[in-house]
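how would this look folded up:
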Amino acid sequence: MSKGGKMKMNIVIVGGGPAGVIAALTAKSVYPDKSVLMIKDIGDGVVPCAIPYMIHTLKDPKENAMGNLPLENAGVKILVGKAVELDADKKKLGLDSGQNIEFERLILATGSLPIDPPIPGIDKQGIFGIKKSLSYNIVIREKAKKAKHIVIIGGGFIGAEFADEMARGSQSTVHIIEVMPKLLSTAFDDEFCDDAENALANLGVLIHKQRKVVSINGDAAVESVTLDNGDQIPADMVLIGIGGKPNVELAQQAGFLITDGGSIWVDSYMRTKNKNIFAIGDCALKRDFFTRQEVPVWLASTATAEARIAGTNVYGVRVLRQIQGTISAFSTKLGSLSMASAGMISQACKHEEFSVVSGQAEAPDRHPGFLPGAKMLKVKLIFAKKAGVLLGGQVSGGPSVGELINAIAIGIQMRLDVRELDMMQIATHPLLTSAPTAHPLINAAHQALAKLRENA
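This next block holds a predicted model:
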């Protein structure tokens, strides 16, 4: 289409990340006779969750490219460009190329933008943020392979996973600077945070907790960073991994309601105040599953669930699939340690004044535990003290953690109580699971139930 031309489409999705892709595929599946257009401003997008592993783990960073083939096969049209103007009443979208798109229904999946902290010297060469472009991450990969001293600002999932990747794949000295007392402290209780820190320390990562970077030093390129206690750390590469913020510029310009947390307001069907326009993924309001308060939790798993709801109900509510709120289900792998969390952690329960009881159990993830490859599996479950309803769970150990947390996540969403988990029927096998006589998921529930009976 030529510059300044017009295009009419039934359904338009703005954004080419996981939320946008799933929304487009869902809409085309549910409404096969409708035309679907995806507009994305990054032509060489990548799978966001695997960005850290483009440094060393993937042999070729192109292996993490987010291809267009599934969309093309489904009949979804794709346009690379940036939406810069939205007229919600006239149902028109303007692109930076001068093109104009008319739509019947619009789904905003504009994602999030990385946060750049106001640190003097942050504009020097050798400073990198987290971006979802293949070409950008190829530059990071090449720099990381040559760097001798790497400083990562931020000890959340992004920072920890990049530290793990960079420490395992090269001879670089890797530092993490984290302002909080523990790494990963928003997703795990202290004992699990300690496990994560030990896993990284065993890889040689140097961790600086309760510290801030106050300046980035050097001439044109970074040479060191200075911490708030005066320590100076050599650095020829700095990675900013302190999180992101919702990308709401287009919606804000169009007069949409933006929440106190900076997200696009949506209802339980991902509809904005304009029922013809939806918002999903990182740009859209996230409510906590338990309190319904706004929370800054942006996950691909949550985004794709929202995308299915929006894509299904874009021409009116067909399925009563309300988003009840995010349960903040996370998983990660640091060194040989796999970790996962879902629902509320102890700190959140205390902050929200939830009266709770917890149970914790450990057992090898194979039986007997002397079988090759066996790892200790640790499970902690948190329940409401009176009702016994499952509020949260944390797991660490081997690779089975990745799916065990999903069982806990569905238990939270289905509001299972401690007695149901205590009586849970499970499949076991010596090479695959803990022993049925000592499964830590059931034993953690059993321990919590015993506490509840003591307090009855």
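
which stretches of this protein form helices?
Using DSSP state H, the helices of the chain run over 18-30, 69-74, 134-146, 157-169, 190-202, 249-253, 300-313, 346-351, 401-413, 418-422, 440-454.

Most tightly packed of these?
Among the helices of the chain, helix 18-30 has the highest mean neighbour count (mean count of other Cβ atoms under 10 Å), at a mean of 24. No exception for glycine: its C-beta is placed from N, CA and C like everyone else's.

C-alpha coordinates for that helix, PDB please?
Only the C-alpha atoms of helix 18-30 are listed here, as PDB (Å, rounded to 0.1, in the frame of the first residue of the first chain):
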ATOM      1  CA  PRO A  18       2.900 -12.800  22.500                       C
ATOM      2  CA  ALA A  19      -0.300 -11.000  23.400                       C
ATOM      3  CA  GLY A  20      -0.800  -9.600  19.900                       C
ATOM      4  CA  VAL A  21       0.100 -12.900  18.200                       C
ATOM      5  CA  ILE A  22      -2.400 -15.000  20.300                       C
ATOM      6  CA  ALA A  23      -5.100 -12.300  19.900                       C
ATOM      7  CA  ALA A  24      -4.700 -12.400  16.100                       C
ATOM      8  CA  LEU A  25      -4.800 -16.200  15.900                       C
ATOM      9  CA  THR A  26      -7.700 -16.500  18.300                       C
ATOM     10  CA  ALA A  27      -9.800 -13.800  16.500                       C
ATOM     11  CA  LYS A  28      -9.100 -15.400  13.100                       C
ATOM     12  CA  SER A  29     -10.100 -18.800  14.500                       C
ATOM     13  CA  VAL A  30     -13.300 -17.700  16.200                       C
END
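
Report all helices and strands that that helix contacts.
Under the contact definition 3 or more Cβ pairs under 8 Å, 6 or more residues apart in numbering; DSSP states H and E, helix 18-30 sits against strand 6-14, strand 36-40, helix 69-74, strand 100-108, helix 300-313.

tell me the angle of it relative to strand 6-14?
Angle, helix 18-30 to strand 6-14, by axes from the mean of the first three to the mean of the last three Cα atoms, to 10 degrees: 120 degrees.

relative to strand 100-108, how tilted is helix 18-30?
100 degrees.

Run the chain-centre distance for helix 18-30.
With Cα atoms, centre = their mean, to the nearest Å as the basis, helix 18-30 stands 19 Å off its chain's centre.

any idea of the mean pLDDT for it?
For helix 18-30, mean pLDDT rounds to 97.

let's number from 20 now, not from 1
OK, 20 is where the count begins now, so the last one is helix 37-49.

ok, now which ones touch the residue nearest the centre of the chain?
Central residue check for the chain by Cα atoms, centre = their mean: the C-alpha nearest the mean position is that of L318, 3.0 Å away. Residues counted as contacts of L318 (Cβ atoms under 8 Å, 6 or more residues apart in numbering) are T345, S347, A348, F349.

Can you say which of those residues are buried?
Burial by neighbour count, 16 or more other Cβ atoms under 10 Å: within these this picks out T345, S347, A348, F349.

Export those residues as a markdown table, with columns for distance to V314 and pLDDT.
Below are the buried ones among the contacts of L318 laid out as a markdown table (distance: Cβ to Cβ, whole Å; pLDDT from 0 to 100):
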| residue | distance to V314 | pLDDT |
| --- | --- | --- |
| T345 | 6 | 94 |
| S347 | 7 | 94 |
| A348 | 13 | 96 |
| F349 | 13 | 94 |
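
Looking at those residues, which is nearest V437?
Distance to V437, by Cβ to Cβ, is smallest for A348 among the buried ones among the contacts of L318, at 19.7 Å.

Skip the chain neighbours and tell me the closest residue to R230.
Distance criterion Cβ to Cβ, 6 or more residues apart in numbering; nearest residue to R230, sequence neighbours excluded, is L246 at 4.9 Å.

likewise S453?
Spatial nearest neighbour of S453, excluding adjacent residues (Cβ to Cβ, 6+ apart): A382 at 4.5 Å.

thinking that neighbour is in contact with A393, fair?
No: look at A382 against A393 with Cβ atoms under 8 Å: they stay out of range, at 9.9 Å.

ok, so what distance separates A166 from D255?
5 Å (Cβ to Cβ, to the nearest Å).

Among the two, which residue is more densely surrounded?
A166 (22 against 19; other Cβ atoms under 10 Å).

Pop the domain breakdown of this protein in here.
25-60+100-132+264-332, 135-261, 358-473 (automatic domain parsing).

mind checking which of these is nearest M85?
M85 lies closest to domain 25-60+100-132+264-332 among the domains of the chain, at 7.2 Å (Cβ to Cβ).

how much distance is there from that closest one to the middle of the chain?
18 Å.

Name the nearest residue to P51, sequence neighbours excluded.
Nearest residue to P51, sequence neighbours excluded (Cβ to Cβ, 6+ apart): G94, at 7.9 Å.

What is the neighbour count of the one you found?
By the criterion of other Cβ under 10 Å, G94 has 13 neighbours.

Correct me if wrong: it contacts V55.
Yes: G94 is within contact range of V55, at 7.3 Å (criterion: Cβ under 8 Å).

Between these two, which contacts overlap?
K47.

how many other residues sit next to the nearest residue to T310 once chain neighbours are set aside?
Residue nearest to T310 in three dimensions, not counting chain neighbours: E371, with 6.0 Å by Cβ to Cβ, 6+ apart. By other Cβ under 10 Å, the residues close to E371 number 14.

For E371, give its distance to I364.
For E371 relative to I364 (Cβ to Cβ), the value is 11 Å.

Check S152 too.
S152 is 33 Å from I364, where distance means Cβ to Cβ.

Who has more neighbours out of the two?
Legend: neighbour count by other Cβ under 10 Å for S152 and I364, higher for I364 (25 against 15).

quick one, what contacts that one?
Contacts of I364 by Cβ under 8 Å, 6+ apart are A206, F207, D208, I401, G411, Q413.

for the closest residue to V170 other than its chain neighbours, phi and psi?
Among residues not flanking V170 along the chain, A254 sits closest, at 4.2 Å (Cβ to Cβ, 6+ apart). Backbone torsions for A254, taken as degrees, to the nearest 10, come to phi -160, psi 130.

And M85, by the same measure?
Main-chain dihedrals, M85, degrees, to the nearest 10: phi -90, psi 100.

Just to check, it is in contact with V65?
Yes: taking contacts as Cβ under 8 Å, M85 lies within contact range of V65: 5.7 Å.

Who has more neighbours out of these two?
V65 (24 against 21).
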